[in-house]
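In: A predicted structure for the sequence below; I have some questions about it.
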Amino acid sequence: MSEIYVLLRDADMLVLASPIYYHNVSGQLKCVIDRFYALLYPKAPGRLKKVAMFLASGDPDMYDGAKFSYDGDFLGYLGLEDMGIFTNHDKGVMEKISEMVQRM
């Protein structure tokens with residue numbers, strides 16, 4: 001995580017990506033989000049101003065929990081500018097993302 005902290009200091013934008021598990025982002029991404037608070041609270045590093053999220057699910061109606069976290073954690077709590085939430089509910093794409101997460 002310390003390597004990521006160094007990279008975040010020079011980042012202009014944060015892009016989050018996850019398959020949807022039980023109406024929310026993966027457990028791995030939840031852990032990363034929790035760790036961001038130590039670095040980003042009470043405000044993001046000077047250059048970091050924007051955030052976007054890419055989500056994949058097998059069902060187009062499964063994004064509410066992840067959107068709630070995104071709105072509360074990144075837009076509300078950390079005050080980053082919303083660059084959008086991009087979703088894909090193509091099952092083939094979701095399976096590929098799930099495989100990548102499992103390898104992490």
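Out: Arrived safely.
In: What about the protein, which residue is the most distant from its middle?
Out: Using Cα atoms, centre = their mean, the residue of the chain lying farthest from its centre is residue 92. It sits 20.5 Å away.
In: Next, work out how far apart that one and residue 58 are.
Out: Per Cβ to Cβ, to the nearest Å, residue 92 is found 10 Å from residue 58. In this view, the C-beta of every residue, glycine as well, is placed from N, C-alpha and C.
In: Same check on residue 82?
Out: 25 Å.
In: Now do the contacts for the residue nearest the centre of the chain.
Out: By Cα atoms, centre = their mean, the chain has its centre lying nearest to residue 16, at 3.1 Å. Neighbouring residues of residue 16 by Cβ atoms under 8 Å, 6 or more residues apart in numbering: 25, 29, 33, 51-54, 70, 74.
In: check which helix or strand covers the residue farthest from the centre of the chain.
Out: helix 91-103 (DSSP states H and E).
In: and what of residue 14?
Out: strand 13-19.
In: May I see the buried residues of that strand?
Out: 14, 16-19 (16 or more other Cβ atoms under 10 Å).
In: again, but for stretch 20-27
Out: If you call a residue buried by 16+ other Cβ under 10 Å, then stretch 20-27 has these buried ones: 20-21, 24-26.
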